[in-house]
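J.: pasting the structure only:
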């Protein structure tokens, strides 16, 4: 029976791993050494690291698969990753894997992560630490709660209602997808993974979660949760409107489009009617007529039902047919 690595090698897919590096000098070497033979190329992207990680890796890790790229200025994790993706694609890679250098991701899971792409079941595969309760061992409770909230926001903004753990940086995609993504518009810093999901939906790419376990030690994250919480919420909210506008009024116009228009109209009319009449009759010390109250309530109920129906349509409208075989 073929092992996963042997099965991948038999398919002759060129696999490249991208490691964006910033302040991970003391942890990146064990990660590099754990990358298996199924990977053909390794790109370490020194994102203007003050520790000189790129030069140190070049000196310490003697592997013919290794290429070290140096960013003259700090581009953020997304910017460094995209540079690695583009270089790997130019060098002939078919599948690129993003792996962090802090040791929280197990390189041995790479064959499992890329298998759905090789099998043409998806265009983009990402890790999901929430698939099994045992994968959450060692994860701080604050992170569990924060990721749950972010996952819900991401479901709405990206349209991938079955995806969980949107900020998981252990991901893989087919390089053909890079040709249709607006790479210059993708967020380059901590919102990178969430924005990438939003952009993938605009091209109808199929996304699949792969169960993985995260490894937590004494590493310190560069992400400042309190500072980024408001920014993340605002960015998700903006992308909700962008996605709905593009998916239901530009690229397509369907039943959900009608439900959104009519539902919002009824909801606005009901709230406005109710508020105006409440103010009108309360200032006169009178009770509003039953018919007046029921009219406003009916508009609100109908509007709410139509919007719920549109959400249901959106959930069922999640991309299901991989596009990279067609590109």
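T.: Looks like it came in fine. Everything numeric in this text was worked out from a predicted model, so none of it was measured. Numbering: from 1, shown residues only.

J.: how about the helices in the stretch 151-300 of the chain?
T.: In the stretch 151-300 of the chain, the segments counted as helices under DSSP state H, counting those that start in this stretch are 192-202, 225-245, 255-283, 290-316.

J.: please identify which of those helices is closest to residue 323.
T.: helix 192-202 (9.7 Å; C-beta to C-beta). No exception for glycine: its C-beta is placed from N, CA and C like everyone else's.

J.: ok, and what's touching that closest one?
T.: Residues from elsewhere that reach helix 192-202 (C-beta atoms under 8 Å, 6 or more residues apart in numbering): 76-78, 81, 123-124, 126, 150, 154, 157-160, 163, 166-169, 171, 177, 181-182, 185-187, 207, 232, 235-236, 239, 242-243, 246-247, 319.

J.: now a ChimeraX select for only the buried ones of those.
T.: To isolate the buried ones among these in ChimeraX, judged by 16 or more other C-beta atoms under 10 Å, type:
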select :76,77,78,81,123,124,126,150,154,157,158,159,160,163,166,167,168,169,171,177,181,186,187,207,232,235,236,239,243,247,319
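
J.: can you list which of the contacts of helix 192-202 are found in strands?
T.: The members of these that map onto strands under DSSP state E are 124, 126, 171, 207.

J.: show the contacting residues for the second one.
T.: Listed by C-beta under 8 Å, 6+ apart, the contact set of residue 126 reads 163, 165, 168, 170, 171, 172, 193, 207, 208, 209, 210.

J.: can you do 10 Å?
T.: Residues in contact with residue 126 (C-beta atoms under 10 Å, 6 or more residues apart in numbering) are 98, 113, 160, 163-173, 193, 196-197, 207-210, 212.

J.: okay, now the domains of this protein?
T.: With domains defined by automatic domain parsing, the chain comprises 4-240, 253-316.

J.: sorry, back to before: how about a markdown table for the helices of the stretch 151-300 of the chain, with distance to residue 130 and mean pLDDT added?
T.: Shown next, in a markdown table, are the helices of the stretch 151-300 of the chain (distance: least, C-beta to C-beta, whole Å; pLDDT from 0 to 100):
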| stretch | distance to residue 130 | mean pLDDT |
| --- | --- | --- |
| helix 192-202 | 15 | 96 |
| helix 225-245 | 18 | 85 |
| helix 255-283 | 28 | 96 |
| helix 290-316 | 19 | 96 |
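
J.: residues in contact with residue 183?
T.: For residue 183, the contact set (C-beta under 10 Å, 6+ apart) comprises 78, 82, 83, 85, 86, 196, 199.

J.: show me which of these are buried.
T.: For the contacts of residue 183, a burial check counting by 16+ other C-beta under 10 Å picks out 78, 82, 83, 85, 196, 199.

J.: from the residues you listed, which is closest to residue 54?
T.: Minimum distance to residue 54 across the buried ones among the contacts of residue 183 is 12.3 Å, recorded for residue 83 (C-beta to C-beta).

J.: from the chain's centroid, how far away is the strand or helix carrying that closest one?
T.: For residue 83, the element it lies in under DSSP states H and E is helix 76-90. In terms of C-alpha atoms, centre = their mean, to the nearest Å, the centre of helix 76-90 is set 16 Å apart from its chain centre.

J.: can you pull the buried residues of the next helix or strand after it?
T.: Using DSSP H and E, the next helix or strand after helix 76-90 towards the C-terminus is strand 95-98. Neighbour-count burial for strand 95-98, counted by 16+ other C-beta under 10 Å, picks out 95, 96, 97, 98.

J.: this completes my enquiry, with thanks.
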